[in-house]
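> Task: produce atomic coordinates for the following.
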Amino acid sequence: MRLGPDGRGLQIIRRAARLIERPARRFLTLDTDTLLAAGRKRAGAQDFEDVTFLDGLNRLLHALATEARLNLLGRIVARESIVGHLVNRLRLEQDRRRYPEIAAEPVHRPIVITGLPRSGSTLLHSLLAQDPANRVPQMWEMLTPSPPPERGTYESDPRISITERHLRWFHRLVPDFKKIHAVGARLPEECVVILSLSFLSSQFCSMYVVPSYQSWMRAQSLLPAYRLHRRVLQQLQWRYRGNRWILKAPAHLPALAELCAVYPDVGVIMTHREPLEVLPSEASLHTVLRQTFSDAVDPAAVGREVTELTADEIRAGLKARDQGCAPPEQFLDVRYRDLVKDPLGTVRSAYAHFDMPFTTVAEARMRQYLADTPKDKHGAHVYSLSQFGLSSDEEHERYRDYRERFLLN
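Numbering: from 1, shown residues only. Next up, the predicted model:
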């Protein structure tokens, strides 16, 4: 059966899934011990050396069971992705024992792009990825970081084709997602994929309705997640280094204190956009994902959640910055409208600010990328505040201070 762009194939799958959902539940348990055993079996490992993730895993599983109202597809995806994270943790530990020199890898002066979602960070990340001197984590290596990728086989690693096959299925199941965010095995991807290994990640909150897990996570120190993040970068660069890492995720914004603690020499590019343009786009992304994995998603509830979370993340990030989590010169602010108007001018400013050489080769590749990647390549992403029960007057007032600080009027 083909899954067409109108989603009819997915509708048929969902109807069939509802018929077998109840009897299938006992074979798709989201029980901690069962999933841990599945991870150990698949990784061929005896047990975990580091068990600091267990509290997060337990809370996530409880929220999935009691709040997410997963359909059969959601239960399958949640179970498989969680086991995959556990397998990756175990294999990272195995690699460290086998190759202890990985632990000595220096992660020097990474550049991290963060800020509001939908504020141009993907465009900027993709442009910087064109510079051969820059090392960006690609989707395939983030999803399967073991064994460590090697320079000689980086372009032909068999994990690339495996990841492409998985993503084809994802795009068939969520055909509108590519209009919102381009994903591909060889494309640079957000750090939430890495942070998910710690079970302290907003990725779970984007995909599922898990308010208790989200509230718990926001009250935690994210240092364990960022220490694991560094271990993964060491793993990925051991046999394939660049001059510097170029990383990206809006999820870094509320965690700037932890990010700077783990990477004291980090350079942070903060992207800014009018929040009233950001909110419906981000709410649309959450809704599209969640409706794939649950048949009970309220867009208005998603809208309220997104705006409250976004406002909290802005406050947390700016508080850490103002309190000196890193010296002011390690930050650069980029407005979305400036980036879109003059992408290469914005890139030149970033290179100058962080004292990085901007070569003719890098510039030529960036120009080619812009020519080959028009806006809305996969179709326009259409959304509005009213779709998600949000009032423009209320949201305008909510973000007044942020808008005035970064001259977004």
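> Without its sequence neighbours, what residue ends up closest to R335?
H272 (5.2 Å; Cβ to Cβ, 6 or more residues apart in numbering). C-beta: built from backbone N, CA, C; applies to glycine.
> Pull up the gap between the one you found and I162, please.
As defined by Cβ to Cβ, to the nearest Å, H272 lies at a distance of 37 Å from I162.
> So which of those two has more stuff around it?
For H272 and I162, the more surrounded residue by other Cβ atoms under 10 Å is H272, and the numbers stand at 24 against 14.
> Tell me the backbone dihedrals of I113, please.
Note on I113: its backbone torsions stand at phi -100, psi 130 [degrees, to the nearest 10].
> so who does it touch?
By Cβ atoms under 8 Å, 6 or more residues apart in numbering, the contact list for I113 reads S121, L124, H125, L128, I246, L247, K248, A249, I269, T271.
> rerun that using 7 Å as the cut-off
Neighbouring residues of I113 by Cβ atoms under 7 Å, 6 or more residues apart in numbering: S121, L124, H125, L247, K248, I269, T271.
> any chance of the residues you listed in JSON lines, plus pLDDT and neighbour count?
Below are these laid out as JSON lines (pLDDT from 0 to 100; neighbours: other Cβ atoms under 10 Å):
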{"residue": "S121", "pLDDT": "95", "neighbour count": "26"}
{"residue": "L124", "pLDDT": "98", "neighbour count": "23"}
{"residue": "H125", "pLDDT": "97", "neighbour count": "24"}
{"residue": "L247", "pLDDT": "98", "neighbour count": "27"}
{"residue": "K248", "pLDDT": "98", "neighbour count": "27"}
{"residue": "I269", "pLDDT": "98", "neighbour count": "24"}
{"residue": "T271", "pLDDT": "98", "neighbour count": "29"}
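> Quick check: the two most widely separated of the residues you listed?
Spanning the widest gap among the contacts of I113 are L247 and T271, at 13.3 Å by Cβ to Cβ.
> Inside strands: which ones of the contacts of I113?
L247, K248, I269, T271 (DSSP state E).
> List just the nearest of those residues to E397.
Nearest to E397 among the ones in strands among the contacts of I113, with distances taken as Cβ to Cβ, is T271, at 22.6 Å.
> Report the rounded mean pLDDT for stretch 211-231.
Here stretch 211-231 scores 97 as its mean pLDDT.
> Endpoints of that stretch, how far apart?
29 Å (Cα to Cα, to the nearest Å).
> Stretch 247-267 now?
Criterion Cα to Cα; first-to-last residue distance in stretch 247-267 is 10 Å.
> With stretch 138-153 instead?
Terminal residues of stretch 138-153 are spaced 14 Å apart (Cα to Cα).
> contact partners of that stretch?
Stretch 138-153 is contacted from outside by 88, 91-92, 95, 157, 159-160, 163, 183-189, 193-194, 232, 235-236, 238-240, using Cβ under 7 Å, 6+ apart.
> mind listing which of the residues you listed are in helices?
Secondary structure from DSSP state H places N88, R91, L92, D95, R159, I160, T163, V193, I194, V232, Q235, L236 of these in helices.
> ok, and the most crowded of the residues you listed?
Busiest of those [other Cβ under 10 Å] is I194, holding 27 neighbours.
> residues contacting that one?
I194 neighbours (Cβ under 7 Å, 6+ apart): M142, H229, V232.
> Sticking with the first one, tell me its helix or strand.
Applying DSSP states H and E as the criterion places M142 in helix 139-143.
> For that helix, what does the pLDDT average out to?
So the average pLDDT for helix 139-143 ends up being 97.
> Going by neighbour count, list what's buried in that helix.
Under the neighbour-count criterion of 16 or more other Cβ atoms under 10 Å, helix 139-143 has M139, W140, E141, M142, L143 buried.
> okay, those in JSON lines with distance to V51 next?
Putting the buried residues of helix 139-143 into JSON lines (distance: Cβ to Cβ, whole Å) gives the following:
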{"residue": "M139", "distance to V51": "28"}
{"residue": "W140", "distance to V51": "28"}
{"residue": "E141", "distance to V51": "25"}
{"residue": "M142", "distance to V51": "23"}
{"residue": "L143", "distance to V51": "23"}
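> ok, of those residues, which one's closest to V340?
For these, the nearest to V340 is M139 (24.4 Å; Cβ to Cβ).
> Can you give me the distance of the closest one to L187?
Counting by Cβ to Cβ, the gap from M139 to L187 is 6 Å.
> what's the answer for D131, then?
Per Cβ to Cβ, D131 is found 15 Å from L187.
> quick one: which of the two has more around it?
Per other Cβ under 10 Å, whichever of D131 and L187 has more neighbours is D131, with 24 against 17.
> helix/strand/coil for the more buried one?
Classification of D131 by DSSP: H, G, I helix; E, B strand; the rest coil places it in coil.
> State the number of residues packed around the nearest residue to it once chain neighbours are set aside.
Among residues not flanking D131 along the chain, A362 sits closest, at 3.8 Å (Cβ to Cβ, 6+ apart). By other Cβ under 10 Å, the residues close to A362 number 20.
> ditto for L200
So L200, with other Cβ under 10 Å, has 26 neighbours.
> mind checking which helix or strand it is in?
Going by DSSP H and E, L200 is not in any helix or strand.
> Verify the contact between it and R227 for me.
No: if you go by Cβ atoms under 7 Å, L200 and R227 don't touch, sitting 10.7 Å apart.
> how many neighbours does F48 have?
Using other Cβ under 10 Å, F48 has 17 neighbouring residues.
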